[in-house]
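Trainee: this is a predicted model, with the sequence first.
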Amino acid sequence: MVPSFHTLINRGQGCPKCAYDSWDFRKTYYNKHTWDFTRFLYYVKFQHITSGRVFWKIGLNKSNDIEVRYHKGALSKDKLLILNSETIKLSNFNATLTEFYVLQSFANESINMQGIMRETKGGTECFRSNIMVKDLFEFVDKAILNKEKLIELIELIKDDEIIE
């Protein structure tokens with residue numbers, strides 16, 4: 001059995017849905033006309049009200065308003081509170097590159113929260129601990145420094161198969 005693109009690229013982490021649409025770095029990279037689109041990268045600290053569990057999530061959005069992405073009704077149904085968040089405006093290229101970098105670099109800290117984030121979605125880009133030291137721009141800088149390595153990684157993959 002050939003491993004799926006999602007498994008190879010995201011080490012089984014990251015949104016399975018997003019791994020196949022224009023929000024992921026692979027699609028962005030191969031569709032240069034999307035590179036300069038505006039995209040917002042966010043980092044959110046959540047708390048599950050029932051269990052008290054705290055976790056963090058990185059993601060992409062078309063709006064700089066985190067409440068547009070996480071509606072109060074969906075948060076309420078999932079029993080989630082947003083404790084704090086940071087959102088920055090980037091090009092689609094740099095936003096998707098940075099998210100990809102973070103998912104690759106911190107895969108050992110990732111945690112699947114799909115069971116809790118049923119209404120809010122995106123429970124696969126979550127982390128058991130706070131992986132951010134300073135701010136999101138620090139991740140952007142590191143992603144840009146590692147851009148060539150990240151591009152090499154996605155170039156190994158084509159249509160869910162390893163290029164031989």
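Mentor: Perfect, thanks for sending it.
Trainee: okay, which residue is most central for this protein?
Mentor: Central residue check for the chain by Cα atoms, centre = their mean: the C-alpha nearest the mean position is that of residue 59, 3.9 Å away.
Trainee: of all the residues in the helix or strand hosting that one, which ones are buried?
Mentor: Following DSSP states H and E, the helix or strand that holds residue 59 is strand 54-61. Within strand 54-61, the residues that qualify as buried by neighbour count (16 or more other Cβ atoms under 10 Å) are 55, 56, 57, 58, 59, 60, 61. Glycine gets a C-beta too; all of them are placed from N, C-alpha and C.
Trainee: residue 68 contacts residue 61, doesn't it?
Mentor: Yes - the pair residue 68 and residue 61 passes the contact test of Cβ atoms under 8 Å, sitting 7.1 Å apart.
Trainee: what's the pLDDT at residue 99?
Mentor: Residue 99 is assigned a predicted lDDT (pLDDT) of 97.
Trainee: buried sites along the helix or strand in which it is found?
Mentor: For residue 99, the element it lies in under DSSP H and E is helix 92-105. The neighbour-count check on helix 92-105 (16+ other Cβ under 10 Å) flags 92-104 as buried.
Trainee: direction included, what does the very next helix or strand once past that helix pair up with?
Mentor: Reading on from helix 92-105 to the C-terminus, the next helix or strand found by DSSP H and E is strand 110-111. Within its sheet, strand 110-111 is paired with strand 126-127 (antiparallel), according to DSSP bridges.
Trainee: quick one: residues in contact with the strand it pairs with.
Mentor: Residues outside strand 126-127 that contact it (Cβ atoms under 8 Å, 6 or more residues apart in numbering): 55, 56, 57, 58, 106, 109, 110, 111, 112, 113, 117.
Trainee: what of stretch 81-93?
Mentor: Counting by Cβ under 8 Å, 6+ apart, stretch 81-93 makes contact with 28-29, 34-47, 49, 54, 61, 64-66, 70, 75, 98, 132, 135-137, 140, all of which sit outside it.
Trainee: and it, how far out from the chain middle?
Mentor: Put simply, stretch 81-93 sits 11 Å off its chain's centre (Cα atoms, centre = their mean, to the nearest Å).
Trainee: give me the buried positions along it.
Mentor: 82, 85, 87, 88, 90, 92, 93.
Trainee: in strands, which of those residues appear?
Mentor: When DSSP state E defines the strands, the subset of the buried residues of stretch 81-93 inside them is 82, 85, 87, 88, 90.
Trainee: mind listing what the nearest residue to the third one once chain neighbours are set aside touches?
Mentor: Spatial nearest neighbour of residue 87, excluding adjacent residues (Cβ to Cβ, 6 or more residues apart in numbering): residue 42 at 4.4 Å. Under the criterion of Cβ under 8 Å, 6+ apart, the contact partners of residue 42 comprise 58, 59, 60, 61, 66, 69, 85, 86, 87, 88, 136.
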